[in-house]
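Peer 1: Fold the stuff below for me.
(chains A and B)
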Number of protein chains: 2
Amino acid sequence: MSFAGRIGIIGAGALGALYGARIARAGHDVHFLLRGDYEAVQRDGLKVFSPQGDFEMRPPVYPSPGAMGPCDLLIVGMKATDIAALAPILAHTTHAETVVLTLQNGLGNEEAIAAMLDALHSGGTGRGRVIGGVAFLCSNRTAPGVIHHMSYGRVRMAELAGPALDRTRAIAQLFLDAEFGCEVSDSLATIRWEKLVWNIPFNSLGVAAHHADSQVCVTDDELLRVSRGLMEEVVAAARAADGVEIAPAFIDLMMKYTLDMGPYRSSMQLDHEAGRPLEVEAILGEPVRRARAAGIAVPRMEMLYAIVRRVDAVRV
Amino acid sequence: MSFAGRIGIIGAGALGALYGARIARAGHDVHFLLRGDYEAVQRDGLKVFSPQGDFEMRPPVYPSPGAMGPCDLLIVGMKATDIAALAPILAHTTHAETVVLTLQNGLGNEEAIAAMLDALHSGGTGRGRVIGGVAFLCSNRTAPGVIHHMSYGRVRMAELAGPALDRTRAIAQLFLDAEFGCEVSDSLATIRWEKLVWNIPFNSLGVAAHHADSQVCVTDDELLRVSRGLMEEVVAAARAADGVEIAPAFIDLMMKYTLDMGPYRSSMQLDHEAGRPLEVEAILGEPVRRARAAGIAVPRMEMLYAIVRRVDAVRV
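Peer 2: You can find the predicted model right below:
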């Protein structure tokens, strides 16, 4: 049974617009909050190019959170760097029972959103209304309202507050209806840390090592050694900080997956090359702080954090 | 008693030309091998600007090793990256008893020069005719034949093959005659590793962390933590690889020295900014290989090596 209700897409970029459009095409009631792309999409509609089929649509779009109004489910596709901008948006787009699924990278977004919900609505139920998801997706926004889906698209999701609920499965069904793989997990920490096993080396090391794409990171002998060392630190940090057990074979699997994927420039590299803010706190800062709080040494993660934080600071 | 004999300067840049000119001014027989600067220096002489006094001179200069001919002492001021270019130069500028003092950065230069001497002259005395020196110097070559000495200038030197000899002290006296501090040590490994305690964080981390000068590396909380972590790894590697004991207080001393020095862009940063090759193998690669051979973990040094090696490779 799919989730029934008014669905709002917050952050309709390469990720949010693609998922939203495909869920809408499957017959669900999807509304898009747009900023820069509003006029183009209102005039020309949303265009999706995908190996699973190209299509256009004219969904309901809004230029402001107030115009959009409250939804029953929000799907957040904004950058983790924009998390602070979410609070005033939620003020207009949530009611006391709205569920928020965030597909943002890294650690700490779900907790921040729960706190925002608690600040907006009485009852302290914020933590019970947030779901975290990780997306495995290659997609680009090539022009206002134009999305090119290249490959992948699978989503894993889990409740912030505990094991999966019927509601979680109903939301996952939206993604299945949209012809994406979707898996529901009972442990948000597991899916977040497992994603970091890939993101920390291949998102961040690629930026530190001056435009090294994922293929460089697994074929240059010294960078491969560092990539594996970083993955091992993430596994150790996940265990120490959150009791998450990630099997050593998972590292080998991620290595093979990365080799098979061919040269890939990560979202952080694309942000870096475009002079945009880097998701350094969500992907590195928060994991490093959690490892430190758990008393575990993560020298490679710390060094990568220090370097990428500096790269991000120099940009500003 | 100062060294008496024909002295040749190989690599007459900011470092070699300054030491050579000051030793010549003190009355010694100094000859300069020049490449790009040859015509300018032959026409206008060598100009030195220094807080210890400006001066000009017209020393004997040569456009080729063959024109220069054999010397009794060679002072090598070339970049460590140019080490391979030294072999054909030594073929013309050494005789069977020539002593070579190399002021190049990092590890491995002395051994490489000893092997070159052995390949040129029979008797296998190469290792007994090489001295390694480390220079603490702020100096720039601002135009062909024009050297600006900003500050410092002290040299520490030691024989490759063993404790200091009368010869070592006679060569050190040349630098004292030239009004530079100079210290003779009985352990080349000690002076090389001690220099690396500074060079590895402040030369190399500054490049990895996108143009972070030495002040940034000791005032940004995260970079300071990494700098100290790198220094501790160098101290551990020195002990494991060469039995060199560096006191923990030395790290504090280097930190204080760096804070007091103010913002300083290291030679590797200047090379990076100018698009020149980086001394990555001498300053990072060889120390990492020696630590690995000794079975000691140096995760920060390895990661810095992987990143800076990549930065250098992308340039080419």
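
Peer 1: Shouldn't A:R276 be within a strand?
Peer 2: No. Counting by DSSP: H, G, I helix; E, B strand; the rest coil, A:R276 is not part of a strand but coil.

Peer 1: pLDDT score for it?
Peer 2: For A:R276, the model assigns a pLDDT of 93.

Peer 1: pLDDT at the spatially closest residue to A:I296 that is not a sequence neighbour, what is it?
Peer 2: Nearest residue to A:I296, sequence neighbours excluded (CB to CB, 6 or more residues apart in numbering or on different chains): A:A240, at 4.1 Å. C-betas here are computed from N, CA, C, even on glycine. We have a pLDDT of 98 for A:A240.

Peer 1: Next: A:V316.
Peer 2: As predicted, A:V316 sits at a pLDDT of 56.

Peer 1: picking that back up, for the residue nearest to A:I296, the count of nearby residues, please.
Peer 2: A count of nearby residues for A:A240, using other CB atoms under 10 Å in any protein chain shown, gives 17.

Peer 1: Doesn't A:H210 belong to a helix?
Peer 2: No. Looking at A:H210 with three-state DSSP, it is coil, so not inside a helix.

Peer 1: thought it was touching B:V308?
Peer 2: No. Look at A:H210 against B:V308 with CB atoms under 8 Å: they stay out of range, at 9.5 Å.

Peer 1: Determine the three-state secondary structure at A:A112.
Peer 2: From three-state DSSP, the assignment for A:A112 is helix.

Peer 1: burial measure for the closest residue to it other than its chain neighbours, as a count.
Peer 2: Of all residues not flanking A:A112 in the chain, A:I83 sits nearest, at 5.4 Å (CB to CB, 6+ apart). The local packing of A:I83 (other CB under 10 Å) involves 21 other residues.

Peer 1: next one: A:G124
Peer 2: Number of residues near A:G124 (other CB under 10 Å) recorded here: 10.

Peer 1: residues contacting the closest residue to it other than its chain neighbours?
Peer 2: Once flanking residues are discounted, A:G124 sits nearest to A:D118: 5.6 Å by CB to CB, 6+ apart. By CB atoms under 8 Å, 6 or more residues apart in numbering or on different chains, A:D118 lies in contact with A:124-127.

Peer 1: Out of those, which sit inside helices?
Peer 2: Secondary structure from DSSP state H places none of the contacts of A:D118 in helices.

Peer 1: does A:H95 sit in a helix, a strand or a coil?
Peer 2: Under the three-state scheme (three-state DSSP), A:H95 adopts strand.

Peer 1: my guess is it meets A:L73, correct?
Peer 2: No. In terms of CB under 8 Å, A:H95 does not count as a neighbour of A:L73; the distance is 11.2 Å.

Peer 1: and those two? which has more neighbours close in?
Peer 2: Of the pair A:H95 and A:L73, A:L73 is the one with more neighbours under other CB under 10 Å, namely 25 against 12.

Peer 1: can you give me how far the helix or strand containing the more buried one is from the chain middle?
Peer 2: Taking DSSP states H and E as the definition, one finds A:L73 inside strand A:71-76. The chain centroid and the centroid of strand A:71-76 are separated by 15 Å, computed with CA atoms, centre = their mean, to the nearest Å.

Peer 1: And for stretch A:10-23?
Peer 2: For stretch A:10-23, the distance to the chain centre is 12 Å (CA atoms, centre = their mean).

Peer 1: quick one: average confidence on that stretch?
Peer 2: 96.

Peer 1: hey, C-alpha coordinates of that stretch in PDB?
Peer 2: Only the C-alpha atoms of stretch A:10-23 are listed here, as PDB (Å, rounded to 0.1, in the frame of the first residue of the first chain):
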ATOM      1  CA  ILE A  10      11.700  20.500  -1.100                       C
ATOM      2  CA  GLY A  11      14.900  21.000  -3.100                       C
ATOM      3  CA  ALA A  12      13.900  20.000  -6.600                       C
ATOM      4  CA  GLY A  13      17.300  19.600  -8.100                       C
ATOM      5  CA  ALA A  14      18.800  16.600  -9.900                       C
ATOM      6  CA  LEU A  15      17.700  14.300  -7.100                       C
ATOM      7  CA  GLY A  16      14.500  15.800  -5.700                       C
ATOM      8  CA  ALA A  17      13.000  16.700  -9.100                       C
ATOM      9  CA  LEU A  18      13.700  13.200 -10.500                       C
ATOM     10  CA  TYR A  19      12.200  11.300  -7.600                       C
ATOM     11  CA  GLY A  20       9.300  13.700  -7.400                       C
ATOM     12  CA  ALA A  21       8.500  13.500 -11.100                       C
ATOM     13  CA  ARG A  22       8.700   9.800 -11.300                       C
ATOM     14  CA  ILE A  23       6.400   9.400  -8.200                       C
END
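
Peer 1: In it, which residues are buried?
Peer 2: Neighbour counts over stretch A:10-23 (16 or more other CB atoms under 10 Å in any protein chain shown) mark A:10-23 as buried.

Peer 1: Out of those, which sit inside strands?
Peer 2: A:I10 (DSSP state E).

Peer 1: Return the subset of the buried residues of stretch A:10-23 lying in helices.
Peer 2: Going by DSSP H, the helices hold A:16-23 from the buried residues of stretch A:10-23.

Peer 1: re the thing from before, take the one helix or strand the residue nearest to A:I296 maps to, keep the C-alpha atoms, and write them as CSV.
Peer 2: Using DSSP H and E, A:A240 sits within helix A:221-242. The C-alpha coordinates for helix A:221-242 follow below in CSV (Å, rounded to 0.1, in the frame of the first residue of the first chain):
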residue,chain,number,x,y,z
ASP,A,221,48.4,2.7,-5.6
GLU,A,222,48.8,5.3,-2.9
LEU,A,223,45.3,6.7,-3.1
LEU,A,224,43.9,3.2,-3.1
ARG,A,225,45.7,2.5,0.1
VAL,A,226,44.4,5.7,1.6
SER,A,227,40.8,5.0,0.4
ARG,A,228,40.9,1.6,2.0
GLY,A,229,42.3,3.1,5.2
LEU,A,230,39.6,5.6,5.3
MET,A,231,36.9,2.9,4.8
GLU,A,232,38.4,0.9,7.6
GLU,A,233,38.2,4.0,9.9
VAL,A,234,34.6,4.6,8.9
VAL,A,235,33.8,1.0,9.8
ALA,A,236,35.5,1.3,13.2
ALA,A,237,33.8,4.7,13.9
ALA,A,238,30.4,3.2,13.0
ARG,A,239,31.0,0.4,15.5
ALA,A,240,32.3,2.7,18.3
ALA,A,241,29.9,5.5,17.9
ASP,A,242,26.6,3.7,17.0
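
Peer 1: residue contacts, the residue lying farthest from the centre of chain A?
Peer 2: Ranked by distance from the centre of chain A (CA atoms, centre = their mean), the top residue is A:D221, with 29.8 Å. If you count contacts by CB under 8 Å, 6+ apart, A:D221 has none.

Peer 1: residues in contact with the residue most central in space within chain A?
Peer 2: In chain A, the C-alpha nearest the mean C-alpha coordinate belongs to A:Q104, at 2.8 Å (CA atoms, centre = their mean). Contacts for A:Q104 (CB under 8 Å, 6+ apart) come out as A:76-80, A:83, A:282.

Peer 1: Can you list which of those are found in helices?
Peer 2: Using DSSP H, no member of the contacts of A:Q104 sits in helices.

Peer 1: Of the residues you listed, which is the nearest to chain B?
Peer 2: Nearest to chain B among the contacts of A:Q104 is A:A282, at 15.8 Å by CB to the nearest CB.
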